[in-house]
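**Q** task: produce atomic coordinates for the following.
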Amino acid sequence: MVDKNQEWAEYEETIEKFIQVIAKNMSVYGITSSVGRLYGTLYFSDQPMTLDDMRDALEMSKTSMSTGVRSLSEMKMVEPAFRKGIRKDLYKSEEDWYKAFTSLFGNRWRHHTETNIEEADEAISELQSIANNSDDDDLRNSIQRDIDRLEYAKSYYRWLMKFIRVVETGEIFKYVPREDEK
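**A** A predicted model of the protein is given here:
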């Protein structure tokens, strides 16, 4: 005879193992493992959850849950949900991982790439100012080589911005089709 309690325990343990894998690997996206566990818990939940539900499931503080949900919402990995008769805020995971990735990738990479372009522009401006005020030919030559390197870096960053747009718009799926659309 099959022990149903044992089957349920094995089922829950298997899901928990996978949630731990999700949590561990979220660091690749700059997400802490605790926020990764929160996402995994929401993903495997059959119903939207309140902050209290999340706190109970993860044994974390309500403040931590709120901060985690806010972070996941900003990354478009969690969204508000509605259920008639429930007054507390409910949340559910974005179940389309392709959409979540493109949003997360775009947001993270766009910010860093724009910052790098701005910093390169600022460095070029400062180097040009130093070169314009210097009589040292060796220094001016070194500055010009570095300005050329910075211009090359900027060309890479402009290309990267195009790539980010291809990801954000979903055009990437023309070149690398989603597995669920084959």
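
**Q** check which helix or strand covers the residue nearest the centre of the chain.
**A** The centroid of the chain falls nearest to residue 104 when counting by CA atoms, centre = their mean (3.6 Å). Using DSSP states H and E, residue 104 maps to helix 97-132.

**Q** that helix: which residues count as buried?
**A** The neighbour-count check on helix 97-132 (16 or more other CB atoms under 10 Å) flags 100-106, 109-110, 113, 117, 120, 124, 127, 131 as buried. (C-beta placed from N, C-alpha, C; glycine too.)

**Q** against which helices or strands is that helix packed?
**A** helix 137-168 (3 or more CB pairs under 8 Å, 6 or more residues apart in numbering; DSSP states H and E).

**Q** check which element follows the helix it packs on along the chain.
**A** In the C-terminal direction, the helix or strand that comes right after helix 137-168 (DSSP H and E) is helix 172-175.

**Q** same question for that following helix, mean pLDDT?
**A** Here helix 172-175 scores 95 as its mean pLDDT.

**Q** kindly report the same for stretch 67-80.
**A** Averaged across stretch 67-80, pLDDT comes to 91.

**Q** again, but for stretch 114-130
**A** Per-region confidence: stretch 114-130 scores 98 on mean pLDDT.

**Q** likewise for stretch 9-16?
**A** 94.

**Q** list of residues touching it?
**A** With CB atoms under 8 Å, 6 or more residues apart in numbering as the test, stretch 9-16 has contacts from residue 44.

**Q** buried residues of that stretch, list them for me.
**A** Residues of stretch 9-16 classed as buried: none (neighbour count, 16+ other CB under 10 Å).

**Q** hey, C-alpha coordinates of that stretch in PDB?
**A** Coordinates of each C-alpha in stretch 9-16 appear next as PDB, following Å, rounded to 0.1, in the frame of the first residue of the first chain:
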ATOM      1  CA  ALA A   9       6.500  14.700   1.400                       C
ATOM      2  CA  GLU A  10       8.700  13.500  -1.500                       C
ATOM      3  CA  TYR A  11       6.800  15.800  -3.900                       C
ATOM      4  CA  GLU A  12       7.300  18.900  -1.600                       C
ATOM      5  CA  GLU A  13      11.000  18.000  -1.100                       C
ATOM      6  CA  THR A  14      11.500  17.800  -4.900                       C
ATOM      7  CA  ILE A  15       9.900  21.200  -5.400                       C
ATOM      8  CA  GLU A  16      11.900  22.700  -2.600                       C
END
